[in-house]
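Asker: mind looking at a prediction? Sequence and model below.
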Amino acid sequence: MTKVSEQEIRLARRIGVLDYLRKFEPGELVRVSRTDYCTRSHDSLIISENGLFHWFSVGVGGNNAIDYLLKVKKMDFVSAVHLLNEYAPLHSSFQPVDFPVRIEEQKELVCPVPDSGNEAIKAYLFRRGVCSKVFRFCNDNGLLYQTTRGGYKNCVFVGMDEKGQPKSAFIRGCNSTWRGDAEGSQKKYGFCIPAEDPVCDTVEIYEAPIDAMSGATLRHLHKKEPWRGVHYLAIGGLNYQPVDWFLDHHAIKTVRLCLDNDQRGRAFSGKLAEKLKSNGCLVEDIPPTYGKDYNDQLVHELQIRFRQAER
């Protein structure tokens, strides 16, 4: 694993969690009182104006952005330091935090209990335009299943290790905006629809699992080549870890960046492209041609086809 210098660690430890969220995840912050916030992903994660946060449902907390990335985003220490150094300019006036960062032992993944059926997630993903062939492959191979939480139906997207064992689980509400990670999820294991040929040397990288499934559906829809002619990797937002892990375990020559067509997605895509090119990869930056992400593009194309069929 790449090392980090003492100077990089000192800079990263100066960044407060609110500074980080306001700058890079502003859509996550929800004010719950004059001095406190929670996040849209975790309503029991309370962040105070004084820089402290506590995730009550999990029982962890901290006082800086490194703590947040380690304990909430499940990043490893070196990746978190690199991320904060890359995004935070040296002249930023972040509040110094001199408390030592404790790296906690990785907990085992606790996957949500599967439902006996999958009708809710099938209806949800079909509404989003995902085709039955892509859905069936993911469902049959344990990459996707349905669970019930608090009476609500949810999609569970599973990230596997090189032996096909679940190592992460991202949960998405079928009829709400609720989303979150299962306890013990390791963020370096992204949701991946593997190519049919195990030695395939091309991967397409998306932010969210639904975008990866949308990309696969678009390839099937266009019928220009077999839809499983490439790997589809969802990295769970803007996260280097799944990319690094995937490239370490596959002989990849070509990387297609299919990240969101917004300011943060474009900025991250540019930085990731530079990093991949320096490692010898051929990089194609292909953001969606319509909307914010590839699911927007898929839905748009399906609507056009539907209107044409009606004429």
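Answerer: Sure thing, it's come through. What you see is a predicted model, and the numbers here were worked out from it, not measured in a lab.

Asker: so residue 309, which state does it fall into?
Answerer: helix (DSSP: H, G, I helix; E, B strand; the rest coil).

Asker: and the helices in the stretch 201-311 of the chain, which stretches?
Answerer: Here the stretch 201-311 of the chain has its helices, by DSSP state H, counting those that start in this stretch, at 209-222, 240-249, 263-278, 294-310.

Asker: which among the ones you listed is found nearest to residue 127?
Answerer: helix 294-310 (9.0 Å; C-beta to C-beta). Every C-beta, even on glycine, is put in place using the N, C-alpha and C of the backbone.

Asker: helix 209-222 and the closest one, what's the angle between them?
Answerer: 40 degrees (axes from the mean of the first three to the mean of the last three C-alpha atoms, to 10 degrees).

Asker: can I get helix 294-310 in PDB? Just the C-alpha atoms.
Answerer: Extracted in PDB, the C-alpha atoms of helix 294-310 (Å, rounded to 0.1, in the frame of the first residue of the first chain):
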ATOM      1  CA  TYR A 294     -26.400   6.900 -17.100                       C
ATOM      2  CA  ASN A 295     -29.800   6.000 -15.600                       C
ATOM      3  CA  ASP A 296     -31.000   9.400 -16.800                       C
ATOM      4  CA  GLN A 297     -29.600   8.600 -20.300                       C
ATOM      5  CA  LEU A 298     -31.200   5.200 -20.300                       C
ATOM      6  CA  VAL A 299     -34.700   6.500 -19.300                       C
ATOM      7  CA  HIS A 300     -34.400   9.200 -21.900                       C
ATOM      8  CA  GLU A 301     -33.500   6.800 -24.700                       C
ATOM      9  CA  LEU A 302     -36.300   4.400 -23.700                       C
ATOM     10  CA  GLN A 303     -38.800   7.300 -23.800                       C
ATOM     11  CA  ILE A 304     -37.700   8.300 -27.300                       C
ATOM     12  CA  ARG A 305     -38.100   4.700 -28.500                       C
ATOM     13  CA  PHE A 306     -41.500   4.500 -26.900                       C
ATOM     14  CA  ARG A 307     -42.700   7.700 -28.600                       C
ATOM     15  CA  GLN A 308     -41.300   6.400 -32.000                       C
ATOM     16  CA  ALA A 309     -43.100   3.100 -31.600                       C
ATOM     17  CA  GLU A 310     -46.400   4.900 -31.000                       C
END
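
Asker: by contact count, what packs against it?
Answerer: helix 209-222 (3 or more C-beta pairs under 8 Å, 6 or more residues apart in numbering; DSSP states H and E).

Asker: what comes up buried for stretch 206-215?
Answerer: 206-215 (16 or more other C-beta atoms under 10 Å).

Asker: next: stretch 256-276.
Answerer: Going by 16+ other C-beta under 10 Å, stretch 256-276 has these buried residues: 256-261, 264-265, 268-269, 272-273, 276.

Asker: how about those residues in CSV, adding distance to residue 52 and pLDDT?
Answerer: Rendered in CSV, the data for the buried residues of stretch 256-276 read as follows (distance: C-beta to C-beta, whole Å; pLDDT from 0 to 100):
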residue, distance to residue 52, pLDDT
256, 41, 98
257, 36, 98
258, 37, 97
259, 32, 96
260, 31, 94
261, 36, 94
264, 26, 83
265, 30, 88
268, 28, 87
269, 33, 92
272, 32, 89
273, 37, 93
276, 37, 92
